[in-house]
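[1] here is a sequence together with a model predicted from it:
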Amino acid sequence: MEKIVSQLSNDVVEALILLDKMRVKFSSTRYYQVERIEQAMDYLLNTPNKEGDPRIIVRDVLGSAGSKIRNRINVIKEAGTLAGVSSPLAIQQINDDKESHLYLEAVDAIIRTSLNGQIKDILLGLASGKEASNLAGVFECNVKAMRTRISKARRAYQKEVGLTI
């Protein structure tokens with residue numbers, strides 16, 4: 001074990017620490033998130049010399065891990081369809097953009113923060129694909145003021161979670 005740790009770059013060690021904190025946070029509530037985090041940790045352990053900002057490394061490996069899990073789910077669905085198996089994973093599901101995995105992950109991450117309601121509403125609007133002009137109408141302000149609110153909301157989210165939207 002000590003040999004493995006000595007081979008890891010400092011950036012990978014910091015990224016693993018961030019991922020472990022996230023894993024502990026989600027361990028009792030979100031199986032998908034825990035699986036995704038563990039996939040990301042495995043990737044980092046297999047690439048011990050990775051360099052860069054640990055938060056960006058975490059963002060990148062979580063994205064890759066999410067893709068890997070979604071691909072696995074799609075293969076299981078397809079295999080179930082071909083084999084005629086009746087299982088919840090084998091049932092054909094129709095997803096529009098609002099119900100995509102990435103959208104659901106973003107909504108879940110935003111809702112779990114301790115940010116105030118208006119900031120959450122702005123971030124949820126952005127996650128659903130709304131532009132500053134659409135949000136300005138919802139929040140009854142001009143577009144310039146809305147862009148300022150969006151910037152503040154993104155900064156608040158980054159400060160809270162450590163990742164950017």
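    Perfect, thanks for sending it. Numbers count the residues shown, from 1 in each chain.
[2] and what about Ala136, helix, strand or coil?
    Taken by DSSP: H, G, I helix; E, B strand; the rest coil, the conformation at Ala136 corresponds to helix.
[3] wait, it sits on Ile150?
    No - Ala136 sits out of contact with Ile150 when judged by C-beta atoms under 8 Å, with a separation of 9.7 Å. Placement of C-beta: from N, CA and C, glycine included.
[4] packing partners for the helix or strand where Val34 lies?
    Here Val34 sits within helix 31-46, counting by DSSP states H and E. When contacts are defined as 3 or more C-beta pairs under 8 Å, 6 or more residues apart in numbering; DSSP states H and E, helix 31-46 packs onto helix 10-26, helix 54-83.
[5] list the contacts of the spatially most central residue of the chain.
    The centre of the chain sits closest to Glu105, judged by C-alpha atoms, centre = their mean, with a distance of 5.4 Å. Contacts for Glu105 (C-beta atoms under 8 Å, 6 or more residues apart in numbering) come out as Gln33, Gly66.
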